[in-house]
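**Student:** Dropping the sequence and predicted coords here.
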Amino acid sequence: MKDAQKQIIAFMVSLAFAIAASANFPVLFLSVLWKDCTTRGAVIGGFLGLIYSVGLTVVSPAVWEVTLGNPKGSAWFQYSSPALFSMTIGFVGIWLFSILDKSEQAQKERAAFPAQQVRSETGYGAAAASDH
């Protein structure tokens, strides 16, 4: 019983890391370092990373076979952790939907990037709260 509990805890920790790596990391990384990242691209790419990380986890052997009781070898996704694939989907989704975003809001966000970069790297200009 204790071995099963340890396995479940280890699986839940790996799932949390896979979701964080797929949904949060691409958004944080590209929003800070890429001047063409837009809110629309970040939201869609983050959701794609989230959906694929959870979806691929469900169809992996750890859930599909062990938890759901399907026959061994019948899992649709053969890897135990989806992070490598779902994180890539998150990055590509952010890139694609940011590039395709030609809205006025996207233009404003791109124009505001240099000031945001100075504040994030130096702290200059961040003494007071910003007006949204």
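**Tutor:** Right, received. Where do you want to start?
**Student:** only C-alpha atoms for contact and neighbour calcs from this point on.
**Tutor:** Noted.
**Student:** And the helices in this structure, which stretches?
**Tutor:** Secondary structure of the chain by DSSP state H: the helices cover 2-19, 25-33, 39-58, 61, 83-100, 104-122.
**Student:** And those helices: which comes nearest G73?
**Tutor:** Shortest distance between G73 and the helices of the chain, using Cα to Cα, is found for helix 61: 7.6 Å.
**Student:** From the chain's centroid, how far away is that closest one?
**Tutor:** On the basis of Cα atoms, centre = their mean, to the nearest Å, helix 61 sits 22 Å off its chain's mean C-alpha point.
**Student:** ok, back up a step: mind putting the helices of the chain in CSV, mean pLDDT, distance to K72 and mean neighbour count included?
**Tutor:** Shown next, in CSV, are the helices of the chain (pLDDT from 0 to 100; distance: least, Cα to Cα, whole Å; neighbours: other Cα atoms under 10 Å):
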stretch, mean pLDDT, distance to K72, mean neighbour count
helix 2-19, 75, 18, 14
helix 25-33, 93, 33, 17
helix 39-58, 93, 15, 22
helix 61, 84, 8, 25
helix 83-100, 95, 22, 21
helix 104-122, 89, 48, 14
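**Student:** And these: which comes nearest G69?
**Tutor:** Here helix 61 is closest among these (Cα to Cα), at 9.8 Å.
**Student:** List the contacts of P26.
**Tutor:** Residues in contact with P26 (Cα atoms under 8 Å, 6 or more residues apart in numbering) are G45, G46, M87, G90, F91, I94.
**Student:** ok, it to A20 distance?
**Tutor:** Separation of P26 from A20 (Cα to Cα, to the nearest Å) stands at 9 Å.
**Student:** Can you tell me how far the spatially most central residue of the chain is from T67?
**Tutor:** The chain has A23 as the residue nearest its centroid, 1.7 Å off, counting by Cα atoms, centre = their mean. A23 sits at a distance of 24 Å from T67 (criterion: Cα to Cα).
**Student:** Thanks a lot, catch you later.
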